[in-house]
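> could you work out the structure for the sequence below:
(one chain, ligands or ions: 2)
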Amino acid sequence: MDNTLTARLIDAVASRIIAHAGELTTLDQAIGDGDHGLNMKRGFEAVLAKRDEIAAKPPAEALKAIGMELVMKVGGASGPLYGSLFMGLGKGLAEPIDRESALAAFEVGIAEVEKRGKSTTGQKTMLDVLVPVVGVVRSGGDFAAIRKAAADAAAATAPMLATRGRASFLKERSVGHMDPGARSSQLIIEAVCDVLEGKA
Ligand code: ADP
Ligand code: MG
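Ligands and ions are numbered 1, 2, ... in the order given. Next up is the predicted model:
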């Protein structure tokens, strides 16, 4: 992974999140407090502003720097959670970077989210996208399979009952709406696939 690739990944992920901020806000208005889009936009705008500085670092350090930026700028529940994800990715990423090391990093990132959120799958959160996707990566799925798993998993949060985060306060009324964090995780995964497949 060279610095150019890191910069392209930052551009792709940040622009995807920023372009979908309105949609994320609408989702969070249904089952939360309506700030997820703005939270994520603020965080990724801050990452984008430091893109060149971050991209000059080795990949593991770049991921940790992104995580720190997200913790400081996103706020809400998702700031520390996405911060933990990216810091975990950086902590888990070993050189040389290949499919195995990326998978190991992804697993550490998820473990950090679970630890920080005291959460697991089935609770209608971002983990309901991240965990199935890592399963597809682990079983050797290609980019199309990864994209499909992320889209299906985000959609599958709609009928779930939320038992973590703000949406859990709504109990049964949380059913019938896609989880905003699940959708933002799907968007991030799609943007990463776009770059790695040479589409962005
Ligand atoms: P807040 O809930 O503080 O307003 P956001 O709206 O930015 O923060 O983020 C909400 C998203 O955070 C949820 O849609 C969910 O995916 C995720 N989330 C909330 N709590 C947890 C948790 N304990 N574990 C994992 N993800 C969580
Ligand atoms: Mg919110």
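
> stretch 123-140 and ligand 1 in contact?
Yes: for stretch 123-140, a contact with ligand 1 is found by C-beta under 6 Å from any ligand atom, at Thr125, Met126, Leu127. Glycine gets a C-beta too; all of them are placed from N, C-alpha and C.

> burial count for Leu70?
When neighbours are defined as other C-beta atoms under 10 Å, Leu70 has 27 of them.

> correct me, but it touches Lys50?
No: at 11.4 Å, Leu70 does not count as touching Lys50 under the criterion of C-beta atoms under 8 Å.

> quick one: the closest residue to ligand 2 within the chain from ligand 1, how far?
At 3.8 Å from ligand 2, Gly32 is the closest residue in the chain, using C-beta to the ion. As judged by C-beta to the nearest ligand atom, to the nearest Å, Gly32 and ligand 1 stand 5 Å apart.

> count the residues that sit near that residue.
24.

> for it, give me its contacts.
Contact partners of Gly32, counting by C-beta atoms under 8 Å, 6 or more residues apart in numbering, are Gly165, Arg166, Ala167, Pro180.

> quick check: residues of the chain near ligand 2?
Within the chain, the positions adjacent to ligand 2 are Asp28, Gly32, Asp33, Asp35, His36 by C-beta under 5 Å from the ion.

> do that again at 8 Å, thanks
Residues of the chain found near ligand 2 (C-beta under 8 Å from the ion) are Asp28, Gly32, Asp33, Gly34, Asp35, His36, Asn39, Gly76, Ala77, Ser78, Arg166, Pro180.
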